[in-house]
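Engineer: need a structure here:
(chains A and B)
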Amino acid sequence: MSNLGERAYAGVLMLGRGVTVLAGLAVWVVLWWGVVRIFGISADFLPSPADVFSSLTRLVTHSIGEGPLHVHVVASFLRFMGGFVLAVVVGIPLGFIMGQYRLLDWALNPIFESVRYIPPIAWAPFAILWFGANFGAQTFVIFISTLPPILISAYRAMQSVDPSLIAAARTLGASNRTIILEAGLPSSVPVLVSGLRIGVATGWMALIAAEIVAGTGARAGLGYLILIGQQTLQAGITIGVMLVIGVLGGALDYALQLLERRVMHWR
Amino acid sequence: MARALVSVASLGLLLLLWWYATEVAQLVSPFVLPSPGDVISGLARVSEGYMGGSLMEHFTASMSVMLSGFLLALVIGIPLGILMAWIPIMDRLFGPLLTVLRPIPPPAWIPLAILWFGIGIAGKTFIVFVAAFVPVLVNAYVGCKETPINLLNAARTLGASQRTILMEVVLPSAMPVILTGARISLGVAWATIVAAELVVADQGFGFLIMNGYRNFEANIMAGGMLLIGVIGILMNLGFVWLERVLLRWNAEVR
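Structural biologist: Next up, the predicted model:
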């Protein structure tokens, strides 16, 4: 019963927070609208909130480049998943192995260290050269930028496994492989999920950067839309799509935050 | 000792493989992957002057824009973060704006910055500012909010004014966090100026890479990336040193 009461209370608190956030936002939207109106700013330069909204609704129904908005969202999302999944498939096993076999850790660490300070986006021109500007380049840049956080979290996860657990497994005659799969993996899920969350945030940023830098090759994607808005002097499209990118990125992060909370509980 | 040996051996092996694949066996064309020797000659060409600018000019172009955007972010971000932590109404006003703007990746601002400020220095400074601003502000805010409650209570009990509490208790206790935010933001600023120069520029390191790409000079591309990485390392080391100097009074950091 008290649990229910607490939950209702938490619900009211959240509702209250939501209202405050919306009120704060409303102030900014009114300010934006007022500045555009009072100073008579051209819609080519800074469109009003209403202009941005109507640009967005037009984008949903009318096609630009290869199609309307949803085509671009899907194109961007596929690129994102391409690079992200690749980073997970490579990073998690490699991180586990480096966490378990010291020699491999010693050998691979300096290689990662030596490329760490090159910003991922600086790989974009080589990525276009190697993999083409339509899908491969963006995927590669996302892969390069999401691999480190994912690999490091898998590595830390393996190191964070209770040593007595490993000792117990050793005593019982478990092989290194069994230790990774049966002791390391299950007890390290929470650390992994936080690493994935950082990976998603960096990957989303890398995607947009790569689409803008390598953008000329493809006529689909959210980055392409922002660029087109700028090149055709339709600031409404540019700003509208930036908001879409922000909302999608925020939603992705929120989803992983929920997963993170779930997993923490489970532990 | 064993570790250092393995590390050197591994890096050496990688270099050897690279050299063998490109120079000896010529498995890949130098247009796709330049050999180590090519990269060195590319670096030599850049240092003599490449595309109407000496190495120093490219360096100054990137660095001056990056530093002005970064400093602007510090000057606006730190006070705003502190105000938001200190005055609830500021938090309620700016918090929601940040919630909306924060998930927009800095590179997404590049087209809008070009539209608003043109392709010159002003546009790039704006992009760097937008990118560097967020970590600075968030860390100033979090640093102030995390002031140990014991310290606050002690100061209040001793009758300290609000002003004294802010200047003598909250700010010193937030200092390490604020400086960490500034260091993160310096790295972000560096990556962002490179991204902006990749899109549009006629000088700077991002321009070097992009121009190398357009002219089929893969060695210039690789050389440019190398320089960007080295400068990134040096800046980070420099800032870590600066942090240590500024926080010399703080036993925890020392």
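Engineer: Output the below-cut-off pLDDT ranges for the stretch 151-254 of chain B.
Structural biologist: B:251-254 (pLDDT under 70).
Engineer: Enumerate the residues of it near chain A.
Structural biologist: Contact residues (CB under 8 Å from any CB of the partner chain) of the stretch 151-254 of chain B with chain A: B:190-191, B:194-195, B:198-199, B:206, B:209-210, B:212-213, B:218, B:221-222, B:224-226, B:228-230, B:232-233, B:236. Bear in mind the C-beta positions are built from the backbone N, C-alpha and C, glycine included.
Engineer: redo that, cut-off 6 Å
Structural biologist: Proximity of the stretch 151-254 of chain B to chain A (CB under 6 Å from any CB of the partner chain) is limited to residues B:191, B:194-195, B:198-199, B:209, B:213, B:221, B:225, B:228-229, B:232-233.
Engineer: Which positions in the stretch 1-150 of chain A make contact with chain B?
Structural biologist: So the stretch 1-150 of chain A meets chain B at A:20-21, A:24-25, A:28, A:106-107, A:110, A:117-119, A:121-122, A:125 (CB under 6 Å from any CB).
Engineer: Spatially, which two of the residues of the stretch 151-254 of chain B next to chain A are the most separated?
Structural biologist: B:Val199 and B:Ile233 (24.5 Å; CB to CB).
Engineer: between these two, who's got more neighbours?
Structural biologist: B:Val199 (24 against 15; other CB atoms under 10 Å in any protein chain shown).
Engineer: Could I get the contacting residues of the more buried one?
Structural biologist: A:Val213, B:Ile110 (CB atoms under 6 Å, 6 or more residues apart in numbering or on different chains).
Engineer: Apply 8 Å and report the result again.
Structural biologist: By CB atoms under 8 Å, 6 or more residues apart in numbering or on different chains, B:Val199 lies in contact with A:Ile212, A:Val213, B:Ile110, B:Gly206.
Engineer: Tell me how far B:Val28 lies from A:Leu129.
Structural biologist: Between B:Val28 and A:Leu129 the computed distance is 11 Å (CB to CB, to the nearest Å).
Engineer: Of the two, which one has the most company?
Structural biologist: Per other CB under 10 Å, whichever of B:Val28 and A:Leu129 has more neighbours is A:Leu129, with 17 against 14.
Engineer: Report the contact partners of the more buried one.
Structural biologist: B:Phe31, B:Val32, B:Tyr213, B:Ala218.
Engineer: Next: B:Trp190.
Structural biologist: Contacts for B:Trp190 (CB under 8 Å, 6+ apart) come out as A:Pro119, B:Met66, B:Ile228, B:Ile231, B:Gly232, B:Met235.
Engineer: With B:Pro79 instead?
Structural biologist: By CB under 8 Å, 6+ apart, the neighbours of B:Pro79 are B:Ala140.
Engineer: Quickly find the element holding it.
Structural biologist: Using DSSP states H and E, B:Pro79 maps to helix B:55-86.
Engineer: just so I have it, where are all the helices in chain B?
Structural biologist: Secondary structure of chain B, counting by DSSP state H: helices at B:2-19, B:36-48, B:55-86, B:88-101, B:110-117, B:121-145, B:149-157, B:162-164, B:171-199, B:205-214, B:218-246.
Engineer: out of the ones you listed, nearest to A:Leu172?
Structural biologist: helix B:2-19 (29.2 Å).
Engineer: how's the chain carved up into domains?
Structural biologist: With no chain named, the answer covers chain A. Here the domain parsing of chain A from automatic domain parsing is A:1-41, A:46-266.
Engineer: You answered for a different chain; I wanted chain B.
Structural biologist: B:1-33, B:34-246.
Engineer: And the first one, what's buried?
Structural biologist: By neighbour count on 16 or more other CB atoms under 10 Å in any protein chain shown, the buried set for domain B:1-33 is B:Val6, B:Ser7, B:Ser10, B:Thr22, B:Pro30, B:Leu33.
Engineer: picking that back up, between the contacts of A:Leu129, which sits nearest chain A?
Structural biologist: Looking at the contacts of A:Leu129 and their distance to chain A, the nearest is B:Tyr213, at 3.7 Å (CB to the nearest CB).
Engineer: so which of the helices of chain B gets nearest A:Leu227?
Structural biologist: Across the helices of chain B, the minimum distance to A:Leu227, taken as CB to CB, is reached by helix B:110-117, at 5.3 Å.
Engineer: contacting residues around that closest one?
Structural biologist: For helix B:110-117, contacts defined as CB under 8 Å, 6+ apart pick out A:45-46, A:212, A:226-227, A:229-231, A:233, A:235, A:238-239, A:242, B:123-127, B:130, B:195-196, B:199-200.
Engineer: ok, A:Pro68 touching A:Val60?
Structural biologist: Yes. A:Pro68 is in contact with A:Val60 according to CB atoms under 8 Å; the separation is 5.9 Å.
Engineer: So these two - more neighbours on which side?
Structural biologist: Neighbour count, other CB under 10 Å: between A:Pro68 and A:Val60, A:Pro68 has more, with 15 against 9.
Engineer: which residues does the more buried one contact?
Structural biologist: Taking CB under 8 Å, 6+ apart, we find A:Pro68 in contact with A:Leu59, A:Val60, A:Thr61, A:His62.
Engineer: what residues does the stretch 151-267 of chain A put near chain B?
Structural biologist: Looking at chain B, the residues of the stretch 151-267 of chain A close enough under CB under 8 Å from any CB are A:204-205, A:208-209, A:212-213, A:223, A:226-227, A:229-231, A:233, A:235, A:238-239, A:242-243, A:245-247, A:249-250, A:253.
Engineer: out of the residues you listed, which are buried?
Structural biologist: The neighbour-count test (16+ other CB under 10 Å) applied to these identifies A:204-205, A:208-209, A:212-213, A:223, A:226-227, A:229-230, A:235, A:238-239, A:242-243, A:245-246, A:249-250, A:253 as buried.
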